[in-house]
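J.: Got a sequence here, can you model it:
(one chain, ligands or ions: 2)
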Amino acid sequence: MAEVTLEGVWKIYEGDVEAVRDVSIAIPDGAFCVLVGPSGCGKSTTLRMIAGLEEITRGAVSIGGRVVNDVAPKDRDIAMVFQNYALYPHMSVEKNLSFALRLRGIKKDEISRRVGHAAEMLGLTELLHRRPGALSGGQRQRVALGRAMVREPAAFLFDEPLSNLDAKLRGSTRSELKALHRRLGATTVYVTHDQEEAMSLGDMIVVMAGGVVQQTGTPLDVFDRPANRFVAGFIGTPPMNFIRGSLARADDGRSWIFTERHGAATLRVPADEATEPASDAVLGVRPQAVHEIKDDNEHRACAESGRLLTVRVHMVEPLGEQMDVHATIGPDTPAVFRVPHHAGLDQSKPIDLAVDTPRLRLFEPGEFGASLSAAAQGSALTGAGQEL
Ligand SMILES: Nc1ncnc2c1ncn2[C@@H]1O[C@H](COP(=O)(O)OP(=O)(O)OP(=O)(O)O)[C@@H](O)[C@H]1O
Ligand SMILES: [Mg+2]
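T.: Ligands and ions are numbered 1, 2, ... in the order given. The predicted model follows:
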């Protein structure tokens, strides 16, 4: 078992393609770390540098306290599972599992111990004599996992291992992976572009964009205290809504008054002392951070306390217990709100929403605008070495 550390790691491909830029991540021994981000953000490249399949342009990768930049993949004591794992079709499950061990000249007794153990953990014992052709997709995926397990590596690396499975199987294999990690306790680095998968699997999440780490933290950190607007918009379903406007300090000294740039909304945002806000700002509203106002009393109370948001609805998407309300704020700001489902929402006139203002987040303008909330700034600064 081992911690995996990246320090100032760069990957520059031919033609000056900066695929990974100054990435530093400290993954504690036994952690389940998920690298997540949109396509092309450098996740696979990062993982492949840890595995030794890609040369490191600059910086250092350590496994178990040893710098491995110049150590061959086979000597790094890691096992990698790819999206397109290939099983040997003419070999039984048992042979597939033991193949690498036999190549390494490991003793028969030891091989059967490891294969037996992996098969038991993965529920493959009954299938050891079958060939891959006679297995379901999920079972094949488990064999691929088993092949990595029998190596008993210091760390497991996964690159989108579930993306070939259908939604249902992906869900169940995901739970199995999580349970397996709990039992094995081996350091795991897992790559996915799917933020929901990242949130459900990881105890440590690294959000990447454009080859750069945007934030490192627990699932709750990245969801609740996003370091910047990119992270805020990437994590969460439906994505956070963003409203452009300006900020002014409120009289009470404990909050800011946010005004939508066309004056379509005025909201009071709780704030921590010190930082003087830039006047231009972007307000982040989670789709779940509102509810429909019930009556005139509530309407009045919300208006007085700066919690009222009036929107125009143009589509309602029923989801069973809940519904997504697609709306517009002011002349042209699109927004989606997720509220309990009910019939008879009058779409012909604006609807009034009460905003759960402590859940509002403020950002500097721009796609990567930094969070203006003190708590998030703290988490971004300490993110890399954060305790889990
Ligand atoms: N061999 C290469 N030569 C040049 N550029 C490359 C090479 N391999 C990858 N890249 C570029 O490096 C960037 C990062 O690629 P990478 O495969 O790490 O992305 P990713 O985050 O894994 O994306 P995906 O989710 O699509 O798998 C991309 O812009 C890609 O085009
Ligand atoms: Mg990839």
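
J.: residues touching the closest residue to P161 other than its chain neighbours, list them.
T.: Here the nearest residue to P161 in space, its sequence neighbours aside, is V81; by Cβ to Cβ, 6 or more residues apart in numbering that works out to 4.8 Å. Yep, even glycine has a C-beta here, placed from its N, CA and C like the rest. Residues near V81 by Cβ atoms under 8 Å, 6 or more residues apart in numbering: A144, L145, R147, A148, F156, L157, F158, D159, P161.

J.: farthest pair in those?
T.: R147 and D159 (14.7 Å; Cβ to Cβ).

J.: about what we covered before: who wins for neighbours among the contacts of V81?
T.: Neighbour counts for the contacts of V81, by other Cβ atoms under 10 Å, peak at P161, which reaches 26 neighbours.

J.: Give the full set of residues in contact with that residue.
T.: Applying Cβ under 8 Å, 6+ apart, we find P161 in contact with V81, F82, Q83, Y85, Q141, A144, L145, Y190.

J.: Please apply the same query to E321.
T.: Shown in contact with E321 (Cβ under 8 Å, 6+ apart): P340, H341.

J.: residue ranges with poor pLDDT in the stretch 151-300 of the chain?
T.: Scanning the stretch 151-300 of the chain for pLDDT under 70 picks out 272-278.

J.: Around ligand 1, pick out the residues from it.
T.: By the rule Cβ under 6 Å from any ligand atom, the part of the stretch 151-300 of the chain lying against ligand 1 is H193.

J.: Tell me which stretches of the stretch 151-300 of the chain form strands.
T.: 155-159, 187-192, 204-209, 212-217, 241-249, 255-260, 266-270, 280-285, 290-292 (DSSP state E, counting those that start in this stretch).

J.: What lies in contact with the last one?
T.: Residues from elsewhere that reach strand 290-292 (Cβ under 8 Å, 6+ apart): L309, F337, V339, P340, I351, D352, L353, A354, V355, D356.

J.: does the fifth one have beta-bridge partners, and which?
T.: When assigned by DSSP bridges, I351 has beta-bridge partners V311.

J.: if I look at it, how far off is ligand 1?
T.: Using Cβ to the nearest ligand atom, to the nearest Å, I351 is found at 38 Å from ligand 1.

J.: wait, that residue sits on L309?
T.: No. Between I351 and L309 there is no contact under Cβ atoms under 8 Å: 9.4 Å.

J.: Tell me which residue of the stretch 101-250 of the chain lies closest to ligand 1.
T.: Going by Cβ to the nearest ligand atom, ligand 1 is nearest to H193 of the stretch 101-250 of the chain, at 4.4 Å.

J.: Who are the contact partners of that residue?
T.: Contacts for H193 (Cβ under 8 Å, 6+ apart) come out as V36, G37, P38, S39, K43, E160.

J.: what about 10 Å?
T.: Contact partners of H193, counting by Cβ atoms under 10 Å, 6 or more residues apart in numbering, are L35, V36, G37, P38, S39, G40, C41, K43, E160, S163, F234.

J.: Leaving out sequence neighbours, find the closest residue to the third one.
T.: Looking back up the chat, that one is G37. Counting by Cβ to Cβ, 6+ apart, M208 is the residue found nearest to G37 once chain neighbours are left out, at 3.6 Å.

J.: Next, count neighbours for the one you found.
T.: Residues near M208, counting by other Cβ under 10 Å, number 26.

J.: Would you confirm that it contacts D22?
T.: No. Look at M208 against D22 with Cβ atoms under 10 Å: they stay out of range, at 11.7 Å.

J.: ok, and for stretch 211-223, which residues are buried?
T.: Residues of stretch 211-223 classed as buried: G211, V212, V213, Q214, Q215, T216, G217, T218, P219, D221, V222, F223 (neighbour count, 16 or more other Cβ atoms under 10 Å).

J.: can you pull out the helices in this protein?
T.: Assigned by DSSP state H, the helices in the chain fall at 43-51, 93-103, 108-122, 137-149, 167-184, 195-201, 219-224, 229-234, 296-305, 374-382.

J.: Output the contacting helices and strands for the fourth one.
T.: Contacts of helix 137-149 with other secondary structure elements, assessed using 3 or more Cβ pairs under 10 Å, 6 or more residues apart in numbering; DSSP states H and E, are made with strand 78-81, helix 93-103, helix 108-122, strand 155-159, helix 167-184.

J.: now that helix and helix 108-122, what's the angle there?
T.: 140 degrees (axes from the mean of the first three to the mean of the last three Cα atoms, to 10 degrees).

J.: try the longest one
T.: For helix 167-184 against helix 108-122, the angle by the same axes, to 10 degrees is 130 degrees.
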